[in-house]
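Engineer: Quick one, what's the 3D model for this:
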Amino acid sequence: MRTILGTRQRRVKARRSGPGRRYTRPVGGNPARFGLGHLVVFVVVALVLNAQFTWWVVHSLRENRGRLDLERSVILVGAQVAALKLELAAEGAARRLVQSSPGVIPAALPPFVEVRVVDDAPVTSGWSARDGGPAFAWPVARGRTALAVLDPLAPHRWLAEIDDTLHLVEAGTGSADLPRISLAEPLERWAVVPDEGRWREGVARYRRRVVLVLGEGVLFVAAMVSAVALLWTVLRREGARERQHQNFVSAVTHELKTPIAGIRLALETVLSGRVDTEGRDRFLRNALADSERLADLVEKVLEVTRYAGGAHRLHIEVSDLSGLVEEEVMAAERRAAARGIRLESDIVADVRAPFDAESLGIVLSNLVENALKYAQGEPPEVKVTLGVEHGLAVITVRDNGVGIAPEELDKVFAPFYRSTDEVTRRTPGTGIGLYVAREIVVAHGGHLTAASEGRGQGAMFRLALPGASVLPVDDLSEYDVENETR
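Structural biologist: Residues are numbered from 1 along each chain as shown. Just a heads-up that it's a prediction; the model follows:
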């Protein structure tokens with residue numbers, strides 16, 4: 001035995017002090033998992049896409065501005081052409097009037113409303129302003145001058161025939177936002193302006209296109225920022241989950257090594273023959289207790305697979321919940337007495353509710369064991385209660401121990417989570433008991449919550465199951481009689 005142990009110790013010492021010592025990769029070093037490198041690559045790709053999209057936004061804005069300028073230019077060119085046509089129409093009307101009856105005063109022909117002889121008119125042909133409107137004068141026989149007054153509505157009719165989307169306005173009037181094309185003599189009192197609705201519709205289309213482009217840009221940037229934030233959150237959660245998993249592995253390893261070391265020491269001592277019969281029995285009992293502790297730990301790990309993995313089907317039926325709680329309290333009394341903890345209970349009798357006895361027993365065992373583990377008052381106390389509130393079976397497990405910080409009240413139910421305070425870290429545990437408990441309670445349709453006033457103020461876990469009732473005394477008697485008959 002000593003030779004075997006000495007050989008093992010030399011091998012361990014050689015492995016620890018060898019010059020070519022190497023280390024394996026830490027747990028969670030799987031390259032397929034999302035890590036910081038993936039996030040960096042994603043951010044780089046996002047920046048490239050963002051730069052490309054920004055160029056597209058700027059190009060689209062410039063293109064939209066160019067389209068607006070082009071549309072406006074088309075309207076203005078059309079107004080200029082219409083202005084030239086108006087001037088040509090006036091000159092053509094005057095020429096036809098003069099050529100209709102040379103040397104004779106003609107009758108008033110459209111677009112002229114009046115033709116008369118005047119003495120103060122110029123002796124050469126030309127346009128002038130008369131009676132607030134344009135008039136054409138030309139010399140006739142016997143040294144006389146004829147004056148033809150143009151119909152004020154004629155330019156409006158001409159413009160309607162040329163382009164009905166343009167309008168004539170008095171010079172100096174109209175909207176200042178609209179461009180205007182001034183007319184030459186004899187129509188200088190008017191100006192050609194585009195239709196206000198058409199002009200503003202072009203501006204409105206431009207603004208809608210700008211808003212659409214900017215909206216797409218904002219949505220794209222928001223999507224990229226959200227994606228980066230989401231991935232960063234996932235990365236942080238992945239890191240936290242990885243740390244919790246490593247803590248779990250470390251805790252389980254430690255919990256496994258302790259009973260294994262105790263069993264090994266007890267067996268080596270017994271096999272050495274250096275103890276009497278009484279000492280041998282004591283060492284064997286210690287080894288048996290350590291083996292039970294080891295079995296309990298293995299069972300807890302298996303519970304995570306069975307209940308948290310969704311592979312275990314619950315057999316829920318209406319049963320005696322009071323009896324189950326009493327059994328769990330009685331089972332914990334021996335452990336409480338061994339630790340010097342006062343375990344109290346206040347259980348309402350004959351409470352019935354639908355539940356799976358095996359899984360709910362695990363929940364109660366975990367809650368009570370958790371309370372016994374952290375109870376530290378003077379004296380340390382744990383109290384278990386059962387009652388019915390509004391159709392809910394309410395079980396509470398309260399202790400006067402280290403308590404829970406407010407920000408950790410929800411985190412304690414996360415898998416592999418353990419508090420960062422010194423007392424919790426020094427207390428043995430794996431961080432899976434409360435997680436399994438909540439998963440089982442949720443599968444029952446109930447709720448499991450934690451409450452604490454802070455560090456050092458103790459903690460209280462409240463379990464609520466639906467469909468509970470208290471069996472009346474008469475029904476209870478009939479129920480006992482039926483059971484005895486069966």
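Engineer: which residues of the protein fall in helices?
Structural biologist: Using DSSP state H, the helices assigned to the chain run over residues 2-17, 36-100, 154-162, 196-272, 277-303, 321-338, 357-374, 422-426, 433-443, 473-485.
Engineer: export these to JSON lines and tack on mean neighbour count?
Structural biologist: Every C-beta, even on glycine, is put in place using the N, C-alpha and C of the backbone. Shown next, in JSON lines, are those (neighbours: other Cβ atoms under 10 Å):
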{"stretch": "helix 2-17", "mean neighbour count": "9"}
{"stretch": "helix 36-100", "mean neighbour count": "14"}
{"stretch": "helix 154-162", "mean neighbour count": "17"}
{"stretch": "helix 196-272", "mean neighbour count": "14"}
{"stretch": "helix 277-303", "mean neighbour count": "14"}
{"stretch": "helix 321-338", "mean neighbour count": "17"}
{"stretch": "helix 357-374", "mean neighbour count": "22"}
{"stretch": "helix 422-426", "mean neighbour count": "12"}
{"stretch": "helix 433-443", "mean neighbour count": "21"}
{"stretch": "helix 473-485", "mean neighbour count": "10"}
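Engineer: So for A135, which of those sits nearest?
Structural biologist: Across these, A135 has its closest neighbour in helix 36-100 (9.9 Å, Cβ to Cβ).
Engineer: Which neighbouring elements make contact with that closest one?
Structural biologist: strand 112-118, strand 133-139, strand 145-150, helix 154-162, strand 166-170, strand 181-182, strand 190-194, helix 196-272 (3 or more Cβ pairs under 8 Å, 6 or more residues apart in numbering; DSSP states H and E).
Engineer: now it against strand 190-194, angle please.
Structural biologist: 150 degrees (axes from the mean of the first three to the mean of the last three Cα atoms, to 10 degrees).
Engineer: how's this structure carved up into domains?
Structural biologist: 50-194, 313-485 (automatic domain parsing).
Engineer: Pull the distance from the first one to the chain's centre.
Structural biologist: Put plainly, it is domain 50-194. With Cα atoms, centre = their mean, to the nearest Å as the basis, domain 50-194 stands 63 Å off its chain's centre.
Engineer: Span of it from start to end?
Structural biologist: 41 Å (Cα to Cα, to the nearest Å).
Engineer: And for stretch 187-197?
Structural biologist: 25 Å.
Engineer: before we move on, what about stretch 170-186?
Structural biologist: Using Cα to Cα, first and last residues of stretch 170-186 are 13 Å apart.
Engineer: tell me the phi and psi of A108?
Structural biologist: The phi/psi pair for A108 (degrees, to the nearest 10) reads phi -70, psi 120.
Engineer: helices and strands of the protein: which one bottoms out on pLDDT?
Structural biologist: Lowest mean confidence among the helices and strands of the chain (mean pLDDT, DSSP states H and E): helix 2-17, at a mean of 44.
Engineer: about what we covered before: of the domains of the chain, which is nearest R293?
Structural biologist: Of all those, domain 313-485 comes closest under Cβ to Cβ, at 9.8 Å.
Engineer: centre of the chain versus the closest one, how much separation?
Structural biologist: The answer for domain 313-485 is 35 Å, by Cα atoms, centre = their mean.
Engineer: What average pLDDT does that domain get?
Structural biologist: Regarding domain 313-485, the rounded mean pLDDT is 82.
Engineer: quick revisit: can I get the helices and strands packed on helix 36-100 in JSON lines including distance to Q457?
Structural biologist: Shown next, in JSON lines, are the helices and strands packed on helix 36-100 (distance: least, Cβ to Cβ, whole Å):
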{"stretch": "strand 112-118", "distance to Q457": "104"}
{"stretch": "strand 133-139", "distance to Q457": "99"}
{"stretch": "strand 145-150", "distance to Q457": "102"}
{"stretch": "helix 154-162", "distance to Q457": "90"}
{"stretch": "strand 166-170", "distance to Q457": "84"}
{"stretch": "strand 181-182", "distance to Q457": "86"}
{"stretch": "strand 190-194", "distance to Q457": "79"}
{"stretch": "helix 196-272", "distance to Q457": "25"}
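Engineer: which residue packs closest to A171, ignoring adjacent ones?
Structural biologist: A191 (5.2 Å; Cβ to Cβ, 6 or more residues apart in numbering).
Engineer: what's around that neighbour, how many residues?
Structural biologist: Per other Cβ atoms under 10 Å, the neighbour tally for A191 reads 22.
Engineer: Let me see the contact set for it.
Structural biologist: Neighbouring residues of A191 by Cβ atoms under 8 Å, 6 or more residues apart in numbering: L168, V169, E170, A171, G174, R180, I181, S182, L183.
Engineer: Apply 10 Å and report the result again.
Structural biologist: By Cβ atoms under 10 Å, 6 or more residues apart in numbering, A191 lies in contact with 79, 83, 167-174, 178-183.
Engineer: can you check G262 too?
Structural biologist: F283, N286, A287, A289, D290, S291, R293, L294.
Engineer: Hmm, G197 and S175 touching each other?
Structural biologist: No. S175 is beyond contact range of G197, at 11.5 Å (criterion: Cβ atoms under 10 Å).
Engineer: residues of stretch 130-150 that come out buried?
Structural biologist: Under the neighbour-count criterion of 16 or more other Cβ atoms under 10 Å, stretch 130-150 has 130, 134-140, 145-150 buried.
Engineer: Only C-alpha atoms, please: export it in CSV.
Structural biologist: The C-alpha coordinates for stretch 130-150 follow below in CSV (Å, rounded to 0.1, in the frame of the first residue of the first chain):
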residue,chain,number,x,y,z
ARG,A,130,-53.6,103.3,-73.3
ASP,A,131,-56.4,103.1,-70.8
GLY,A,132,-54.4,100.8,-68.6
GLY,A,133,-53.9,98.3,-71.3
PRO,A,134,-51.7,97.8,-74.5
ALA,A,135,-52.7,99.5,-77.7
PHE,A,136,-51.2,99.4,-81.2
ALA,A,137,-51.0,102.6,-83.2
TRP,A,138,-50.2,103.0,-86.9
PRO,A,139,-50.6,105.8,-89.5
VAL,A,140,-53.5,105.8,-92.0
ALA,A,141,-54.5,108.1,-94.9
ARG,A,142,-54.7,111.9,-94.8
GLY,A,143,-52.1,112.0,-92.0
ARG,A,144,-54.3,110.4,-89.5
THR,A,145,-53.3,107.7,-86.8
ALA,A,146,-55.3,104.7,-85.9
LEU,A,147,-55.2,103.2,-82.4
ALA,A,148,-56.3,99.6,-81.7
VAL,A,149,-56.9,98.7,-78.0
LEU,A,150,-56.0,95.1,-77.2
